[in-house]
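>>> Coordinates only, no sequence provided:
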């Protein structure tokens, strides 16, 4: 599965704890929805069909966990994966 973001807009002034952004989510060349993060420390929100959300979630859950410090990891999910693409 090839996942990328298009029309990415980052709002530096709105970023407090995390990056405030919005973007189109492109999977295998098809626009499947949007991703948005308010920049306030909350999770990235996804707007897409249930079937696209499930396919993306299943793919991301099969990815290795993100190592953020030696010996400390975060499980990968769709919201975090898209946030990492920013």
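In hand now; what should we look at? Keep in mind it's a predicted model, so treat the numbers as computed, not measured. Residues are numbered from 1 along each chain as shown.

>>> When you work out contacts or count neighbours from here on, use the C-alpha atoms and nothing else.
Will do.

>>> where along this structure do the helices fall?
In the chain, the helices defined using DSSP state H lie at 50-61, 78-85.

>>> Show residues contacting the last one.
Residues external to helix 78-85 that are found in contact with it (Cα atoms under 8 Å, 6 or more residues apart in numbering): 4-5, 35, 43-46, 56-57, 60-61.

>>> switch the cut-off to 7 Å
43-45, 56-57, 60 (Cα atoms under 7 Å, 6 or more residues apart in numbering).

>>> Also stretch 25-33?
1-6, 24, 34-35, 47-48, 52.

>>> what comes up buried for it?
25-27, 32-33 (16 or more other Cα atoms under 10 Å).

>>> Max pairwise distance over these: which two?
27 and 33 (9.3 Å; Cα to Cα).

>>> Cross the buried residues of stretch 25-33 against strands and list the overlap.
25-27, 32-33 (DSSP state E).

>>> wait, isn't residue 57 in contact with residue 75?
No: assessed by Cα atoms under 7 Å, residue 57 is found out of contact with residue 75, at 11.9 Å.

>>> Out of the contacts of helix 78-85, which end up buried?
Applying 16+ other Cα under 10 Å to the contacts of helix 78-85 flags 44-45, 56-57, 60 as buried.

>>> Direction included, what does the helix-or-strand element of the chain with minimal mean pLDDT pair up with?
When the helices and strands of the chain are scored by mean pLDDT, DSSP states H and E, strand 66-69 comes last with a mean of 89. Neighbouring strands of strand 66-69 in its sheet, by DSSP bridges, are strand 72-74 (antiparallel).

>>> Run through who's touching the strand it pairs with.
65-67.

>>> Make CSV out of the residues you listed and add distance to residue 79 and neighbour count.
What follows is those, written out as CSV (distance: Cα to Cα, whole Å; neighbours: other Cα atoms under 10 Å):
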residue, distance to residue 79, neighbour count
65, 13, 14
66, 13, 15
67, 16, 12
